[in-house]
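[1] curious how this folds, go ahead:
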Amino acid sequence: MPDLADFYRFIVSIPVADRPPHLRRCLESIHQQLALHGYGGGITIVVAEDSRDPHCIGQHKALVAEYRGKGLDVMHVDLPEQYQMLHSIPEAQRRHLGRLLTAQPAERFYRKGQAANRNLSYLKMLALTQDRGRTLYYLVDSDQLFLPAIDYFHSISQIFQATDALMLTGKLVGDPPVSPAVMAANFLDDVSAFLHEIADYAPQEACSFHRDTPLPGDAAYHDMARMFGFEHKQEHFDYRCPLVGDHDHAACLDTFAGRLQAFFFGEHLTRKTAYQDDGKPMGLAPARTVYPGNYIVNFEGLKYIIPFGHLRLRMSGPTAGRLIQAEIGARFASANLPMLHRRTTEDTGDDFRPGVEQQQDAAIDISDEFERQFFGDLMLFSVVEFLKTHTLEQLTDVGLLQQVAGKVEADLLGLYQAKHEAVNARLEGLEQWVNQEQHWWRGTSAMRQIAQFLRNIERNFSDQSLAWRQIQSETHRVGRKAQILDALLHYRSERDAWDQLFT
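    Sure, this is the predicted structure:
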């Protein structure tokens, strides 16, 4: 039995906004993790509230009480407490932290954004710290689960004992950690392949979609995986029917069609990734991306924050990762300790997701998230390109930044244009084929759901979609680029103010 003095104490932060079902599953996964593997070093869980709906806040508090009754050391940090913690920072220092921690007023201190809420939870974790040298801080998102097969806390404790790592991150398995805005082309490939195959089977025949097929690899879900150094090697991935027991093709199609709308909330039916145990939980590799819902730092590592939350852009984790990598090198590491990522919940359907709006008649609008994806990519790849030939200290050179961002913008517009054309070509062909009269699904509820899905693809990816018009608007791009450049120019000064909190 290891000496308990060898174990780190963990403080786990779970930011949550209007997602009681997700929070339940996340807390339950921690409860099961400790039941299976135990941990003697002590684990305190901080549920950091960011909900607008009072009913959701009440449910979150009830869940905290329920799991406290099951033995978890878990607490709920509500909005008034967060506001008080923020304003306990001296005003002279706080005014330099507004873009990291939020400047929202007390009466609107909700939905501050995942980055601001996570960063505010650092203040609570800091207040709970008793031994700076023996405490690790674990940042987890509410839509992620600990996998039972992995003994996370013992493995992470050993990694920090055996190495000089400041920050450790792990990938995600399950649903892709990207927006549907960059998955539509390959998803339409998979939808088309499934429908073409099932069309040739009799609806009452036994389901044929339970065969072993290759698992998707890294970034297989991403239409532009090459930007990240990955190559797609398959034209499509097969649908794996989740039904158990005897069932026919009609039931398989009903289930498939019933989950199509979940794509717009981040679920990919055919390109989920799975945990693959390499037998090396202690093995580390250099990291370049912070997975915001799965990273761990020691006290010194609290300085290496995910910035730019005020912009509400996607790709904040990869952008922060490149900046952190440039600063601390190999002390920012990745381990094969992934979390299970579940965008949606089967019991309630599609839950709150920033940037996605469920409208009347099952219409879904992802224009806000789509816009934030493009400009998140612009920020990320501007940082990547900048750091190829310049140092972090040169981030204050506005001329260099403008030059790099301009080049990246031109390249990105070309990539998005090609993806846009590919999505619409696939959509047109699939719509024409699906509506042919010989198909046995004509007039079924599955057909109506497929048609609604295709309408939502058109709504969000056509030339008339709001997001596409924003991306094509030079005026809009000029405004967004100015915000991005301003954030990069102030990165170091804001980090200096942040770092002072941990001296």
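[2] C-alpha from now on. contacts and neighbour counts both.
    Will do.
[3] residue 302 against residue 502, yeah?
    Yes: with contact defined as CA atoms under 8 Å, residue 302 reaches residue 502; the gap is 7.4 Å.
[4] which pLDDT value goes with the residue nearest the centre of the chain?
    With distances taken as CA atoms, centre = their mean, residue 177 lies nearest the centre of the chain, 4.2 Å away. Looking at residue 177, its pLDDT is 84.
[5] so residue 334 versus residue 86, what's the distance?
    Counting by CA to CA, to the nearest Å, the separation of residue 334 from residue 86 is 31 Å.
[6] so between these two, which is more surrounded?
    Shown here are residue 334 and residue 86; by other CA atoms under 10 Å, residue 334 has more neighbours (25 against 20).
[7] in a strand, that one, correct?
    Yes: with DSSP: H, G, I helix; E, B strand; the rest coil as the criterion, residue 334 is part of a strand.
[8] so what's it bridging to?
    Beta-bridge pairing for residue 334 (DSSP bridges): residue 169, residue 285.
[9] could you report the distance from residue 49 to residue 19?
    Distance, residue 49 to residue 19, by CA to CA: 10 Å.
[10] who's more crowded, those two?
    Legend: neighbour count by other CA under 10 Å for residue 49 and residue 19, higher for residue 49 (28 against 21).
[11] and that one, what are its phi and psi?
    Taking degrees, to the nearest 10, you get phi -80, psi 140 for the backbone angles of residue 49.
[12] next: residue 212.
    Reported as degrees, to the nearest 10, the phi and psi values for residue 212 are phi -70, psi 130.
[13] quick check: residue 336 touching residue 280?
    Yes: when contacts are counted by CA under 8 Å, residue 336 is listed as touching residue 280 (7.4 Å).
[14] who's more crowded, those two?
    Each of residue 336 and residue 280 has its neighbours counted (other CA under 10 Å); residue 336 has more, 21 against 11.
[15] beta partners of residue 13?
    Taking DSSP bridges as the rule, residue 13 bridges to residue 46, residue 139.
[16] next, count neighbours for it.
    Neighbours around residue 13, by other CA under 10 Å: 26.
[17] just the pLDDT for residue 362.
    Looking at residue 362, its pLDDT is 78.
[18] for the closest residue in space to it that isn't next to it in sequence, give me the pLDDT.
    Nearest residue to residue 362, sequence neighbours excluded (CA to CA, 6 or more residues apart in numbering): residue 452, at 7.4 Å. In this prediction, residue 452 carries a pLDDT score of 95.
[19] what's the strand or helix carrying residue 452 packed up against?
    Of the helices and strands defined by DSSP states H and E, residue 452 is found in helix 445-461. In terms of contacts (3 or more CA pairs under 8 Å, 6 or more residues apart in numbering; DSSP states H and E), helix 445-461 is packed against helix 249-258, strand 364-365, helix 398-434, helix 466-472.
[20] in that helix, what's buried?
    446-447, 449-461 (16 or more other CA atoms under 10 Å).
[21] contact partners of it?
    With CA atoms under 8 Å, 6 or more residues apart in numbering as the test, helix 445-461 has contacts from 184, 253-254, 257-258, 260-261, 362-367, 420, 423-424, 427, 431, 441, 465-468.
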